[in-house]
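# 3D, please:
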Amino acid sequence: MLTALNALFVYGTLKEGHLRSRMWPHAPQSIEPAIVRGRLLDLGAYPGLIEGDEWVLGELWTLAENHMPRTLAVLDEVEGYDSIANCGLYVRRAIPVWSLHSHDGPSHEPTRRAFTYLIADEYRIATARHIHPAISVGDGLAAQWPDSLSRVPERLEDE
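Numbering: from 1, shown residues only. Coordinates of the predicted model:
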């Protein structure tokens, strides 16, 4: 059963232990491994997710409902998303997410819906390297950033 939108699916520099993980304004109630349908792109110092039918591995961050407005405002700015004009480098969308704690693979129905950021810059999409699914998830494969060819910045000024 799908629940309220008090969660975000992240797949890049916002993941725990990565460069932008310190930018979350509130601590999560939980962080768990999860997958979504899409296509993962390497944009240089960070990834981008676009619509597609491959599996993409990331993290599902669940927050207190009262923390969502501030969290979304901060992360919208981090991701270059203008929520009023509904445009920017990335756009925020609600998508189905499969928690990997609920079962051992992506064969079941999605466990919930969560917000995520999809890359919206057409030039970056056209010139990005596709990260192919290579991580075993249940009985399938999922793409994950970083992969062996990714450049992972340690400082914001390295982006």
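
# after the helix or strand bottoming out on mean pLDDT in the chain comes which helix or strand?
Least confident helix or strand, the chain: strand 135-137 with a mean of 93, by mean pLDDT, DSSP states H and E. Remark: after strand 135-137, the chain's next helix or strand is strand 140-143, criterion DSSP states H and E.

# how about that following strand as CSV, C-alpha atoms only?
Output of strand 140-143 as CSV, limited to C-alpha atoms (Å, rounded to 0.1, in the frame of the first residue of the first chain):
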residue,chain,number,x,y,z
GLY,A,140,17.8,-8.4,-11.7
LEU,A,141,20.4,-5.7,-12.1
ALA,A,142,20.3,-2.0,-11.1
ALA,A,143,22.4,1.0,-12.0
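
# tell me what the helix or strand where residue 97 lies is packed against?
For residue 97, the host element (DSSP H and E) is strand 90-99. With contacts taken as 3 or more CB pairs under 8 Å, 6 or more residues apart in numbering; DSSP states H and E, strand 90-99 sits against strand 7-10, strand 30-42, strand 47-62, helix 68-78, strand 81-82, strand 112-119. Quick note: C-beta positions are derived from backbone N, CA and C, even for glycine.

# change it to 6 Å
With contacts taken as 3 or more CB pairs under 6 Å, 6 or more residues apart in numbering; DSSP states H and E, strand 90-99 sits against strand 30-42, strand 81-82, strand 112-119.

# now it against strand 47-62, angle please.
50 degrees (axes from the mean of the first three to the mean of the last three CA atoms, to 10 degrees).

# and strand 90-99, what's buried?
By 16 or more other CB atoms under 10 Å, the buried positions in strand 90-99 come out as 90, 91, 92, 95, 97, 98, 99.

# list the residues that contact the last one.
So the one you mean is residue 99. 32, 34, 111 (CB atoms under 6 Å, 6 or more residues apart in numbering).

# could you verify my assumption that the first one touches residue 101?
Yes: under the contact definition of CB atoms under 6 Å, residue 32 touches residue 101, with a separation of 4.9 Å.

# these two: who's more crowded?
residue 32 (16 against 11; other CB atoms under 10 Å).

# what's opposite the more buried one in the beta bridge?
residue 60 (DSSP bridges).
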